[in-house]
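In: One predicted model, sequence on top.
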Amino acid sequence: MKRIRSAFLLLLLSCAAASAIKPAQDTLKPTVTAVRVEKPVQITGKLDDPQWLKAIPIYLANEMRPRENAPAKVRTEVLVLYDRDNLYIGFRCFDTLPGNIRANYSDRDKIFSDDYVIVSIDTYGNYQRGYELAVNPYGIQGDLLMMGTGNEDDSYDMVWSSAAHKNKEGWTAEMMIPFKSLSFSSDYKQKWTICFLRNVPRDNRYMLTWTRYDRNNPSYLAQGGILDGLEGIRPGSSLELLPYTMVQQSGEREDEGDPASALKRNAVKARVGGGITYSPGSNTTISAVVNPDFSQIESDAAQISVNTRFALYYPEKRPFFMSGMDLVQTPMYYSRTINDPLYAAKINGKSGRFSYLALVANDRNTAVTVPGEEESNTVTTSLDSYASVGRLRYDIGNESFIGALTLTRNIKDAYNYLGGLDWNFKFWKNWYFQGETFLTTTRELNDTTIFNNHRQLGTSGHDASFNGEKYTGTGLHLELMRAGRKYTFAVVQNNFSPTYQTYNGLFPQVNSKESYMMHRYTIHINKKYIQNIRFQGTFDMIYNFQHTFKGFSFQPSVILNMIGQTFISYSYVPLNSERFRNTLFRDLRMHSINFSTTPLRTLTINVSGQAGKFIYRTDNPVAGKGYNFTSSVDYMPFSRLKLSLMWSTAMLSDLTTGSEFYNGHIIRNITTFQFTRKLFLRGIAQYDSFGKTFSLYPLVSYRFNAFTMLCAGMTQDYQDYEQPGYRFRTSGYQYFMKLQYLFSI
């Protein structure tokens, strides 16, 4: 409790200091005035509606990257209009070599390797959140949510309209953004922060901006201009219904281990459900779902889990949980812990400087991750549970805030509660002090038939088994960071007690006191072949709460940004020690590499991995030599076809005998053909040599907008039984068809 009191005292002192922090002044920011029109603008992508002639043009005259504030190589003009219901933004993108424009037909959000234009809108001017809307030369949309300093959530979706048109001078684009899709104050006169950017990928990735960009200020939103002229806009209330219907038929082998057993075919099932979203004003959204369809039409990419003792993270893809969740982040909250809800509801919004969110859900087939010092366990059950999330944040301004978080999970007579505070304070232009402090209390299920594992939770006297024990835990994260043009550093302290648990999160490793430091120095060369070189060093030291040394590492790195959108990073770990299963392993030296390049408009290559000495993490661990690498190739032979191949491999062998502990790989191919902006056909094939499985996932989808869609597909799984006559046999399958439609009232 002393640690918690100290953390609260530190927070209070920081709050007092933050009271003197004033938001950045807007007086010197450039301004674009939106011109009001009285009838809707026709969105054709050609800027041919006569109303565009009323707009006051501005120009993206600055090159943000690779050079800092150099004159833009090509001309870009931006126009802004609005009416009672919508904001309209037009772009004229001139190009001296229009044949070199990179653009592909793709599904939404798959455009960020293309030429594109993007607008970032911060409706409150506090640089905490920005709506980011992008369009490529074929009018394909991309939308993201920017949170804080450069963090972007690519799962965010909004209903808006766009069109684009290629011409002999380059290309043009138009956006229509409904005010009802944005959150903003109720003031009669609005003044928003806005950023305009054009991405021009050629020999380098050229990024052109309206405002000048200072690399000593890491906040992109804070360096935007002002959108003025918006008056009398009222989105009013809105009501959206999102029902769905789904028909599916599945089957599996009666005895999974016997390839000769019958393939059981289940009855055809129909499922209906849906959601409702009500916005009484621009600052509040209330949504609920009943019997939602949280099945995924795109499978998770398999990850190599051999020699890994902690739970793996998979990104959220379910629409209900992807909206409005920028206030709560992994790992303390991980929405996929709400596994199979019967219903869920939430309310989120903003009132003055306060942002808030509350969520409740009834979860079926509850799963719990039980953390530990050297391993975690994910326990699946058939039990119902009730989960809740509460979040409140006070925005001080200029990226600074303080907040509170509560998480609860009740399962029969068991529970897990978490409460905590967090903060972020920006000062001296590019310094940040941020942190989180948490208190958890847990009462386990009293049923060892569900989970019986007697590994100890430190020296607390408790173990991991579900035997009805009750305990509390504490967590603390502190970080001081400076982000600059040339020199960047960060120092981090993480303390999480042996009994810290979050049933609503993904925090698998506890009983740890970790001290981390990073220093990075950048030399900006900006020559034809090399943009910049970075030199970086990291230090990491870990003790547990019993003051036992757990590990230390020092990792120097060199990072190059080069021509052809080529990125190369190499690091070496000359000092690396770790204690595992009471054995101290020294000299775990290893090499790491990251390589990415887009030498042609049709080709992107990525390679990353490590090679050296690793611990073979069994109950009797030993050191071995090996590697783990992941590589991918994206090839687009023409604008409607994309071929993606991913290969992950890992091997570890005994240092003395050379005998292999494991050696395998995962291969995954995704082939997508985009017939139109809305219709695509996709096939996924995946082979996992560790599990001896092969899977196929074909899908055809027609997407009217971000939420309205019709799709049909199947999953077909095969198992290699490695028996004569029984190599790859079907182990399970599913056929499905789904219709989901958004009604907006």
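Out: Nice, thanks for sending it over.

In: Please count neighbours and contacts with C-alpha atoms only from this point.
Out: Will do.

In: Now do the residue nearest to residue 93 when sequence neighbours are not counted against residue 173, distance only.
Out: In this structure, residue 93 finds its nearest non-sequential neighbour in residue 76, 4.7 Å apart by C-alpha to C-alpha, 6 or more residues apart in numbering. Separation of residue 76 from residue 173 (C-alpha to C-alpha, to the nearest Å): 11 Å.

In: and for those two, which residues touch both?
Out: 91-92 (C-alpha atoms under 8 Å, 6 or more residues apart in numbering).

In: more crowded one of the two?
Out: With neighbours defined as other C-alpha atoms under 10 Å, residue 76 and residue 173 compare such that residue 173 has more, 28 against 25.

In: Would you map the helices across the chain?
Out: Remark: helices assigned in the chain by DSSP state H are 2-18, 319-322.

In: Pick out the shakiest of the ones you listed, pLDDT-wise.
Out: Lowest mean pLDDT of those: helix 2-18, a mean of 44.

In: which residues touch residue 237?
Out: Applying C-alpha under 8 Å, 6+ apart to residue 237 gives the contacts 180, 278-282.

In: Now pLDDT, neighbour count and distance to residue 703 too, for the residues you listed, in JSON lines please.
Out: Shown next, in JSON lines, are those (pLDDT from 0 to 100; neighbours: other C-alpha atoms under 10 Å; distance: C-alpha to C-alpha, whole Å):
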{"residue": "180", "pLDDT": "88", "neighbour count": "20", "distance to residue 703": "21"}
{"residue": "278", "pLDDT": "91", "neighbour count": "17", "distance to residue 703": "23"}
{"residue": "279", "pLDDT": "88", "neighbour count": "22", "distance to residue 703": "24"}
{"residue": "280", "pLDDT": "87", "neighbour count": "14", "distance to residue 703": "28"}
{"residue": "281", "pLDDT": "78", "neighbour count": "18", "distance to residue 703": "28"}
{"residue": "282", "pLDDT": "73", "neighbour count": "21", "distance to residue 703": "27"}
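
In: Contacts only, for the residue nearest to residue 93.
Out: Residue 76 sits in contact with 59-61, 91-94, 198, where contact means C-alpha under 8 Å, 6+ apart.

In: where does it land on pLDDT?
Out: Residue 76 is assigned 98 on the pLDDT scale.

In: how near is it to residue 62?
Out: Counting by C-alpha to C-alpha - residue 76 and residue 62 are separated by 10 Å.

In: now swap in residue 558 and tell me
Out: Counting by C-alpha to C-alpha, the gap from residue 558 to residue 62 is 29 Å.

In: what does residue 363 give?
Out: Per C-alpha to C-alpha, residue 363 is found 51 Å from residue 62.

In: likewise residue 80?
Out: 19 Å.

In: Give the full set of residues in contact with the residue nearest the centre of the chain.
Out: By C-alpha atoms, centre = their mean, the chain has its centre lying nearest to residue 153, at 4.9 Å. If a contact means C-alpha under 8 Å, 6+ apart, then residue 153 has 144-147, 326 as its contacts.

In: what about residue 558 and residue 62, which has more around it?
Out: Neighbours per residue, other C-alpha under 10 Å: of residue 558 and residue 62, the larger number sits with residue 62, 23 against 18.

In: is it true that that one touches residue 71?
Out: Yes - applying C-alpha atoms under 8 Å, one finds residue 62 in contact with residue 71, separated by 5.1 Å.

In: count of residues packed around residue 623?
Out: By other C-alpha under 10 Å, 19 other residues sit near residue 623.
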